[in-house]
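# Sequence plus predicted model, see below.
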Amino acid sequence: MKLELIALIVGIITGGIFTFAKLPLPAPPSLAGIMGIVGIFLGSKIVELITKG
């Protein structure tokens, strides 16, 4: 959980810096894009569980 919290904090700081500098965000521009990334991660974990089990 510590790693996830650090990643969230770094992401918030990065988003703030990019917005302050008026640069495009280095992330998907919508919730649908973010959900796609989450789906890819979950699909990877599901296949790992199936192939290990």
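Cool, the structure landed. Numbers count the residues shown, from 1 in each chain.

# Outside of the lengthiest helix in the chain itself, list whatever touches it.
Secondary structure assigned by DSSP state H gives helix 31-52 as the longest helix of the chain. Around helix 31-52, the neighbours that count as contacts under CB atoms under 8 Å, 6 or more residues apart in numbering are Ala27, Pro28. Every residue, glycine included, has its C-beta placed from N, CA and C.

# Now find how far off-centre that helix is within its chain.
Once both centres are worked out by CA atoms, centre = their mean, to the nearest Å, helix 31-52 turns out to sit 12 Å from its chain's centre.

# avg pLDDT for it?
If you average the pLDDT over helix 31-52, you get 91.

# quick one: average confidence on stretch 18-27?
Averaged across stretch 18-27, pLDDT comes to 89.

# what comes into contact with it?
Residues external to stretch 18-27 that are found in contact with it (CB under 8 Å, 6+ apart): Thr14, Gly15, Gly33, Ile34.

# Distance check, the third one against Glu48.
Think Gly33. Taking CB to CB, to the nearest Å as the measure, Gly33 falls 24 Å from Glu48.

# Check Ile12 and give its pLDDT.
Note on Ile12: pLDDT of 89.

# The helix or strand where it lies: how far from the chain's middle?
Take DSSP states H and E as the rule and Ile12 turns out to sit in helix 2-20. Computed by CA atoms, centre = their mean, the separation of helix 2-20 from the middle of its chain amounts to 10 Å.

# Would you convert the contacts of stretch 18-27 into a markdown table that also reports distance to Leu42 and neighbour count?
A markdown table is the format used below for the contacts of stretch 18-27 (distance: CB to CB, whole Å; neighbours: other CB atoms under 10 Å):
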| residue | distance to Leu42 | neighbour count |
| --- | --- | --- |
| Thr14 | 23 | 13 |
| Gly15 | 23 | 13 |
| Gly33 | 15 | 11 |
| Ile34 | 13 | 12 |
